[in-house]
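S.K.: Using only what follows, build the 3D model:
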Amino acid sequence: MKRIIRTARDYAILLAIMTTISATSCRTQDSSEIELTQQTEPTKLSAEIRLARVTRAVQTVRVELVEIVNSVLGTNYSTIADEMIFSSDLLADESDMINIFNKIRIQFGLNISVEDREIIITFGDLVDYVTEHSVSIPSLPSNPNIQIFEKIQGIISEQMDIPISLICVHSNLRNDFGMDSLDFIEFIMELEREFGIEIPDEYAAKIITVEDCWAYIESRN
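M.R.: This next block holds a predicted model:
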């Protein structure tokens, strides 16, 4: 049974996260992936983590930028090809581009200079620029603390009634485990209680995978 959210902070987290969840996405778990608990070579683990982080970062930024473009242009693209030119393919005029850049400043905290705006011609240019300059997901060390991962597994398993064996480093909390907004808030609160930390709302809103949680907790220890 879900706990009743009692504090003002919990309500604030809910509102912040619900406005971001619809704009976030990540690859789901592939059945061919080797479970983290079965990996014994630090180099293999490190490579898997780097691949997951890069994939997640690019996909998340891409989805959020599609939403921004749709909101400014009044379109309904589910995806936008990298080679699409803003002026000719997307029919974005100078005013539209200013609005797009303003929304990026608000959503990503990224102020794109006038000089840099001139080199952003295609949607792919925009994705590359925002990914390079705004994604700040903590990196896991080459030999991360496996006990932290196991505790995260335990929290997810108990909360969502999912076998430990199905909870891997690349697992997507929403897509793979079916977490809704309230489940996710309860999960964040359990992490804070378990590890004695506070996860800022702006970071909580960007947590997509198990690895995101693990990386943040590692960065606080």
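
S.K.: And Gly178, how close does it get to Ile156?
M.R.: Shown here: Gly178 relative to Ile156, a distance of 11 Å by C-beta to C-beta, to the nearest Å. For the C-beta atoms, the positions are set from N, CA and C on the backbone; glycine is no exception.

S.K.: per-domain residue ranges of this structure.
M.R.: Domain segmentation of the chain under automatic domain parsing yields 8-55+140-220, 57-134.

S.K.: could you dump these to JSON lines with mean pLDDT?
M.R.: Converted to JSON lines, the domains of the chain look like this (pLDDT from 0 to 100):
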{"stretch": "domain 8-55+140-220", "mean pLDDT": "73"}
{"stretch": "domain 57-134", "mean pLDDT": "90"}
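
S.K.: could the ones you listed go into a markdown table alongside mean neighbour count?
M.R.: Below are these laid out as a markdown table (neighbours: other C-beta atoms under 10 Å):
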| stretch | mean neighbour count |
| --- | --- |
| domain 8-55+140-220 | 16 |
| domain 57-134 | 15 |
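
S.K.: Would you confirm that Val130 contacts Arg62?
M.R.: No. The pair Val130 / Arg62 is not scored as a contact, 9.0 Å apart, by C-beta atoms under 8 Å.

S.K.: quick one, helices of the chain?
M.R.: 8-21, 42-73, 94-108, 114-117, 123-134, 146-160, 181-195, 201-204, 210-220 (DSSP state H).

S.K.: Also compute the angle for the third one relative to helix 123-134, please.
M.R.: Interaxial angle of helix 94-108 relative to helix 123-134 (axes from the mean of the first three to the mean of the last three C-alpha atoms, to 10 degrees): 30 degrees.

S.K.: Please name every helix or strand in contact with helix 94-108.
M.R.: For helix 94-108, the contact count by 3 or more C-beta pairs under 8 Å, 6 or more residues apart in numbering; DSSP states H and E identifies helix 42-73, helix 123-134 as packing neighbours.

S.K.: Could you list the residues in contact with that helix?
M.R.: Contact with helix 94-108 is made by 64-65, 68-69, 71-73, 86, 92, 110-112, 117, 126, 130, 134, as judged by C-beta atoms under 8 Å, 6 or more residues apart in numbering.

S.K.: let's see 10 Å
M.R.: Residues from elsewhere that reach helix 94-108 (C-beta atoms under 10 Å, 6 or more residues apart in numbering): 19-20, 23, 61, 64-65, 67-69, 71-74, 86-87, 90, 92-93, 110-114, 116-117, 120, 126, 129-131, 133-135.

S.K.: Name all residues that make contact with the residue of the chain positioned farthest from its centre.
M.R.: In the chain, Ser88 marks the outermost C-alpha relative to the chain mean, sitting 30.7 Å out by C-alpha atoms, centre = their mean. For Ser88, the contact set (C-beta under 10 Å, 6+ apart) comprises Ile121.

S.K.: what about 6 Å?
M.R.: Residues near Ser88 by C-beta atoms under 6 Å, 6 or more residues apart in numbering: none.

S.K.: Then the one 4 residues further on?
M.R.: Under the criterion of C-beta under 6 Å, 6+ apart, the neighbours of Ala92 are Phe86.

S.K.: Tell me how far it lies from Phe123.
M.R.: 10 Å.
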